[in-house]
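Colleague: Show me how the following folds:
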Amino acid sequence: MLLPRRVTLCSYRLGGTDGVSVEAEKWRRALRSLGCSVTTVAGAGVADRIVPGLAADALEPPDTLAVARALEDADLVVVENLCSLPLNPSAGACVASLLAGRPAVLHHHDLATQRPSLAHFGAPPDWPGALHVTINQLSFRELAAWGIASTVIHNTFEPDPAPGRRATARRVLGVEDNELLVLQPTRAIPRKNVPGALALCESLGATYWLLGPAEDGYGPELSRILARASVRVLRGWPENAEGFDVTDAYAACDVVALPSTWEGFGNPAIESATRDRPLAIGRYPVASELRAFGFEWFDADAPDALAAWCADRDPALVEHNHELARRHFSSSDLPRRLERLLSGTGVPDTMHPL
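Modeller: Next comes the predicted model:
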């Protein structure tokens, strides 16, 4: 089978800092490197075509004709989580009905059964010509239980990102040279477990830095939690930090915290490795799958080992983690994996990543 010439990426939201947007952008670049023209369609965010009814928080169902027009010129549609996690069930049903019988890739970042409030929705849609791709083995097994064949393609990362501006970033943040800085490079919603990150910082005597904003109405609760903190708290970048980005944030910190109770993947787990920073991670299910590659991570709720490492920083740990990230999760391998998937040479129904 020849690779599709025209590909459309479709999601609730694109162009943001959430994991789905970030990974969709990596797929867009990889597909373009294979010679595909790529168009993006979303209900919100930044996309070539915005159809508001597709947004996760849309108040009205999508206009079926508008969605059909947005997707009609594609040889292949890649659906990024919109048919996986029913945050807007009418949007998922609309897209699935329009794509039934057409070639499509359903890229599953989360499944309904992985969210207690959505579990009753059950399996995602399936039809002849649909390829299912999961980002973890947990979702692979759940799809298999429904009789749906899939392939695992883990999230990928730049293996050797450019170094950030550590000294400059810390100066802008007002962080002293000897001040231990713990970065939580996520947005704030309940499952990100901000209280767990604060408890870690209290044990380490560290400053806590939450990089992302509160979302899904979590702002008031977050303010109450942070107001009770017994450690110094930083939120986002200060107003005078124009031009600084996540690369500088990783450079500025000493420890990365990902104490989440649930993640479909948890990109900071691998990003911390490529940026040579130790990681304190929560015990969410997919973390065990990632740790099995051999990463040496610290438990977020057992800070003594991390405190000992911070007191005597052995570079061998971060070097080991960096090499594993480079070997197993490199974005340079993504075009090859997608080419195998779309050319029909990738083996479906396998947990072995393409």
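Colleague: Okay, helices next: where are they in the stretch 1-150 of the chain?
Modeller: 19-33, 64-71, 89-99, 137-145 (DSSP state H, counting those that start in this stretch).
Colleague: I figured residue 192 hits residue 262, correct?
Modeller: No - the pair residue 192 / residue 262 is not scored as a contact, 9.1 Å apart, by C-beta atoms under 8 Å. Bear in mind the C-beta positions are built from the backbone N, C-alpha and C, glycine included.
Colleague: These two - which one has more neighbours?
Modeller: residue 192 (26 against 18; other C-beta atoms under 10 Å).
Colleague: Let me see the contact set for the more buried one.
Modeller: 184, 186, 259-260 (C-beta atoms under 8 Å, 6 or more residues apart in numbering).
Colleague: how about 7 Å then?
Modeller: Shown in contact with residue 192 (C-beta atoms under 7 Å, 6 or more residues apart in numbering): 186, 260.
Colleague: when you give positions from now on, start the count at 55
Modeller: Got it, the first residue is 55 from now on, which makes the last one we talked about residue 246.
Colleague: Which pLDDT value belongs to it?
Modeller: At residue 246, the model reports a pLDDT of 97.
Colleague: With the one 4 residues further on instead?
Modeller: The predicted structure scores residue 250 at 98 on the pLDDT scale.
Colleague: What's the local residue count around it?
Modeller: So residue 250, with other C-beta under 10 Å, has 19 neighbours.
Colleague: hang on, isn't it packed against residue 314?
Modeller: No - applying C-beta atoms under 7 Å, one finds residue 250 not in contact with residue 314, separated by 8.3 Å.
Colleague: okay, and the common contacts of these two?
Modeller: With C-beta under 7 Å, 6+ apart, residue 250 and residue 314 have common neighbours residue 336.
Colleague: For the worst-scoring helix or strand of the chain on mean pLDDT, C-alpha coordinates in CSV please.
Modeller: Across the helices and strands of the chain, mean confidence by mean pLDDT, DSSP states H and E is lowest for helix 388-397: a mean of 94. This file holds the C-alpha atoms of helix 388-397, laid out as CSV (Å, rounded to 0.1, in the frame of the first residue of the first chain):
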residue,chain,number,x,y,z
LEU,A,388,8.8,8.1,14.5
PRO,A,389,8.8,8.5,10.7
ARG,A,390,10.0,5.0,10.2
ARG,A,391,7.3,3.7,12.7
LEU,A,392,4.5,5.5,10.9
GLU,A,393,5.7,4.4,7.5
ARG,A,394,5.6,0.8,8.7
LEU,A,395,2.1,1.3,10.1
LEU,A,396,0.6,3.0,7.1
SER,A,397,2.3,0.9,4.4
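Colleague: low-scoring stretches of the protein, by residue?
Modeller: Low-confidence regions of the chain, defined here as pLDDT under 70, cover residues 55, 398-408.
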